[in-house]
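K.L.:
using only what follows, build the 3D model:
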Amino acid sequence: MTATPTVYNPAELRHLTGLRGLAAWFVVLFHIRWLFYPLWPSWLIATADHGYLAVDLFFMLSGFVMWLNYAQRLRSGGWVETRRFWWRRFARIWPLHGFMLLGFVALAILDSLRGRPMAQAPLAELPLNFALMQNWGFTNALGWNIPSWSISTEAGAYLLFPLLVAMGAWQRVSLPGLAAITALLLIILHLLYAAHGETYLGADIGRYGLRRCLIEFALGNIIAMLWMHARQLPEKTRDLACGLATASCAACLLAGGWFSLPDTAFVPAAFFTGLLGLTLSRGLMVRLLGAKLPHHLGEISYSTYMAHALLFILFKAAFVPKTGPQPGWLALFGFLAVVLVVSEVLHNGVEMPAQRWLNRRAPDRGQRKMAALSAPLPLAGGECTRI
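P.N.:
From the prediction side, this is the model:
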């Protein structure tokens with residue numbers, strides 16, 4: 001069986017946007033967890049301690065969405081479509097990144113004037129950060145807006161993605177072939193860490209971050225290919241495939257916990273099978289994640305992800321004394337509320353306006369207008385979930 005071009009309904013996959021919104025808040029909890037340990041029950045501490053794994057979910061989601069939305073266009077559009085893809089990705093990720101980085105620069109200048117240089121703000125690495133190249137192997141240090149390291153690796157994946165699409169007729173690869181490639185990528189990812197004695201995916205981001213992203217982004221591409229295979233199957237068979245994928249995810253998690261495996265050995269496999277099952281599902285989880293609130297959190301999740309580190313620095317400076325009582329539940333919920341409000345403001349006031357402005361000024365806009373008059377309608381519509 002081979003995957004053929006398929007028409008999909010973007011509304012069917014809105015639950016993936018909701019999933020991304022929840023994942024973004026897990027990252028927020030991960031970065032603020034140390035300050036609120038005395039308040040939290042043990043189960044919340046354990047959850048927050050593993051919040052760094054949400055980034056791995058982001059990488060796979062991104063690979064899935066990019067393949068579903070752009071693989072066919074890149075195959076048929078050649079260099080013109082490749083340039084358009086790169087421009088759209090730049091318009092999507094850079095403006096908000098640049099805006100938040102300017103915020104960090106302003107804070108660093110203010111701290112320097114007060115005689116207290118801001119930690120993790122190396123001036124020599126500022127150009128790399130502005131170019132979104134800070135996690136491409138030029139330095140092992142993480143600085144400035146630290147969460148943006150993953151956006152840097154995403155930018156690298158976007159640059160290489162058209163090359164991956166052009167490497168072969170992926171739509172003709174059989175299911176066993178895709179399974180073999182998946183197994184190989186999962187093994188490579190684990191060995192990449194195990195070779196240096198590392199046991200968790202968040203280790204030494206400066207060294208492993210880019211390779212971690214590229215491999216998981218490719219795994220997301222494979223999920224999209226499998227999803228396209230499954231779209232050709234009868235409903236009952238598709239439901240069976242969903243059940244098998246979900247059971248495989250549960251088995252990976254149980255095995256990892258039972259045998260105390262390093263998360264490099266089982267978490268990527270669990271995310272792969274779990275995400276595949278979720279894309280095929282028609283059950284309760286789809287309805288819950290696709291509900292209005294989770295979906296909206298997903299829509300503004302990029303702003304949440306990019307803004308929360310700076311907001312936490314400002315929160316600590318304003319409300320956390322060096323000695324004396326530490327913040328309580330009111331401070332925690334107040335901070336989370338501020339993050340939510342600022343995310344909304346940034347999404348509507350910076351992220352989306354800048355994206356629209358840049359997309360209207362794409363270098364090949366005139367060529368695309370002419371092509372649109374003579375070309376047939378695309379097989380796939382707009383992006384199924386915003387990444």
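K.L.:
residue 358 reaches residue 84, doesn't it?
P.N.:
No - applying CB atoms under 8 Å as the test, residue 358 and residue 84 come out as separate, 12.0 Å apart. Bear in mind the C-beta positions are built from the backbone N, C-alpha and C, glycine included.
K.L.:
higher neighbour count, these two?
P.N.:
residue 84 (21 against 16; other CB atoms under 10 Å).
K.L.:
surely the more buried one meets residue 362?
P.N.:
Yes - between residue 84 and residue 362 there is a contact at 6.3 Å, judged by CB under 8 Å.
K.L.:
where exactly do the helices run in the stretch 151-300 of the chain?
P.N.:
175-194, 205-230, 235-258, 263-280, 284-289, 292-299 (DSSP state H, counting those that start in this stretch).
K.L.:
could I get the ones you listed as CSV with mean pLDDT, distance to residue 325 and mean neighbour count?
P.N.:
Shown next, in CSV, are these (pLDDT from 0 to 100; distance: least, CB to CB, whole Å; neighbours: other CB atoms under 10 Å):
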stretch, mean pLDDT, distance to residue 325, mean neighbour count
helix 175-194, 96, 40, 15
helix 205-230, 95, 33, 23
helix 235-258, 94, 36, 15
helix 263-280, 96, 35, 22
helix 284-289, 91, 38, 15
helix 292-299, 95, 31, 18
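K.L.:
any low-confidence regions in this protein?
P.N.:
Low-confidence segments of the chain, defined by pLDDT under 70: 1-12, 324, 364-387.
K.L.:
again, only this time at 80
P.N.:
Of all residues in the chain, those with pLDDT under 80 make up the ranges 1-12, 115-119, 141, 321-326, 364-387.
K.L.:
residue nearest the centroid of it?
P.N.:
Of all residues in the chain, the one closest to the mean position by CA atoms, centre = their mean is residue 58, 2.5 Å from it.
K.L.:
give me every residue that touches that residue.
P.N.:
Going by CB atoms under 8 Å, 6 or more residues apart in numbering, residue 58 touches 20, 23, 150.
K.L.:
next one: it from residue 295, what distance?
P.N.:
17 Å (CB to CB, to the nearest Å).
K.L.:
ok so, going back, make TSV from the contacts of residue 58 and add neighbour count to it.
P.N.:
Formatted as TSV, the contacts of residue 58 follow (neighbours: other CB atoms under 10 Å):
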residue	neighbour count
20	28
23	21
150	23
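K.L.:
residue 136: what secondary structure?
P.N.:
coil (DSSP: H, G, I helix; E, B strand; the rest coil).
K.L.:
out of everything not next to it in sequence, what's closest to residue 155?
P.N.:
Take residue 155 and drop its neighbours on the chain: the residue closest to it by CB to CB, 6 or more residues apart in numbering is residue 132, 4.5 Å away.
K.L.:
now residue 57. Nearest residue, chain neighbours left out?
P.N.:
Per CB to CB, 6+ apart, closest to residue 57 is residue 23, 5.1 Å.
K.L.:
before I go, just wanted to say thanks for your time.
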